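1. with the sequence up front, the predicted model follows.
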Amino acid sequence: MPTYSTQTTTQPSLAAAAKNNIALWNQYYSMGNSAHKQQKFAKATTYFERCIGLCNKLSQQDLPKEKPLANKTLPKMLYQASHNLAACNNAMGRGLSAKDILTKLHDQFINIVSCPKHNRSIRLDVLAYIDQSLFSLTSQLAYLNQVDEIHSIIIKTENIVTAVSKHLLSDTSQTIQAMPNNPDQLWGNKKEATIVKAHTSF
């Protein structure tokens, strides 16, 4: 995840701001799902895009250690919003846009787990959702009949996840070689990706 803000703010203020953003995320996510069920896909995309924007805000906040995320993690929230946004785009016949959304999601997750500058707990949180972002992306590629891209993405992901897992689950502090030293922030501008209509988070 991105480097947290270094601004001096009281813990209660941080917690209150984070809880407010999480409450808004829950509200927009629910409204997006409701609009999707009513087949108001354009309206649903607006809510899911707002959810992604709130994830961006949360990623910039210096959250207190107890992180007021309840049973959610920030990677889970980003995955769900991006996944559903891609599904809405598929429903509107925008398969390539859906692919871009899911590609961006997967690339962001890969960049975070690969960066030793991020703390261990953040990288583990992201690592837990890489298999899901990979499945969504490869499913979308299959849906678009772009199967030639699938193998290389799977191999790249497996190699990175294997190396990162060994590093994070070991007691050593050695830096994994061949890992990027300065990846984009979790919510940075990168290519995105998509998912099959049948595979949704709704």
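-> Thanks, I have it. Numbering: from 1, shown residues only.

2. helices or strands next to the top helix by length along the chain in the packing?
-> Taking DSSP state H as the criterion, the chain has its longest helix at helix 11-37. Here helix 11-37 touches helix 41-60, helix 74-91, going by 3 or more CB pairs under 8 Å, 6 or more residues apart in numbering; DSSP states H and E. Bear in mind the C-beta positions are built from the backbone N, C-alpha and C, glycine included.

3. and the last one, what does it pack onto?
-> So the one you mean is helix 74-91. With contacts taken as 3+ CB pairs under 8 Å, 6+ apart, helix 74-91 sits against helix 11-37, helix 41-60, helix 95-114, helix 120-127, helix 130-143.

4. centre of the chain to the third one, how far?
-> Centroid separation between helix 95-114 and its chain, computed with CA atoms, centre = their mean, to the nearest Å, is 8 Å.

5. cool, and the first one?
-> Its chain's average C-alpha position is 16 Å from that of helix 11-37, according to CA atoms, centre = their mean.

6. one more: the last one?
-> Here helix 130-143 shows a centroid-to-chain-centroid distance of 13 Å under the convention CA atoms, centre = their mean.

7. after that helix, which helix or strand is next?
-> Using DSSP states H and E, the helix or strand that follows helix 130-143 towards the C-terminus is helix 150-168.

8. where in the protein is pLDDT low?
-> 1-12, 14, 61-71, 171-202 (pLDDT under 70).

9. and among the helices and strands packed on helix 11-37, the most buried is which?
-> When you average the neighbours per residue for each of these (mean count of other CB atoms under 10 Å), helix 74-91 leads with a mean of 25.

10. in a markdown table, list the helices and strands packed on helix 11-37 along with distance to residue 22.
-> Formatted as a markdown table, the helices and strands packed on helix 11-37 follow (distance: least, CB to CB, whole Å):
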| stretch | distance to residue 22 |
| --- | --- |
| helix 41-60 | 7 |
| helix 74-91 | 8 |
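
11. figure out which of those is closest to residue 113.
-> Among those, the nearest to residue 113 by CB to CB is helix 74-91 (9.8 Å).

12. circling back: of the helices and strands packed on helix 11-37, which is nearest residue 23?
-> Among the helices and strands packed on helix 11-37, if distance is taken as CB to CB, the winner is helix 41-60, at 9.7 Å.

13. in CSV, please show the C-alpha coordinates belonging to that closest one.
-> This file holds the C-alpha atoms of helix 41-60, laid out as CSV (Å, rounded to 0.1, in the frame of the first residue of the first chain):
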residue,chain,number,x,y,z
PHE,A,41,-25.5,-0.1,-14.7
ALA,A,42,-24.3,3.4,-15.5
LYS,A,43,-25.6,4.6,-12.1
ALA,A,44,-24.0,1.6,-10.4
THR,A,45,-20.6,2.4,-12.0
THR,A,46,-20.8,5.9,-10.4
TYR,A,47,-21.1,4.4,-6.9
PHE,A,48,-18.4,1.9,-7.4
GLU,A,49,-16.1,4.6,-8.7
ARG,A,50,-16.8,6.6,-5.6
CYS,A,51,-15.9,3.5,-3.5
ILE,A,52,-12.5,3.3,-5.3
GLY,A,53,-12.0,7.0,-4.6
LEU,A,54,-12.7,6.4,-0.9
CYS,A,55,-10.1,3.6,-0.9
ASN,A,56,-7.7,6.1,-2.3
LYS,A,57,-8.4,8.5,0.6
LEU,A,58,-8.1,5.7,3.2
SER,A,59,-4.7,4.7,1.7
GLN,A,60,-3.4,8.2,2.3
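
14. many thanks, have a good one.
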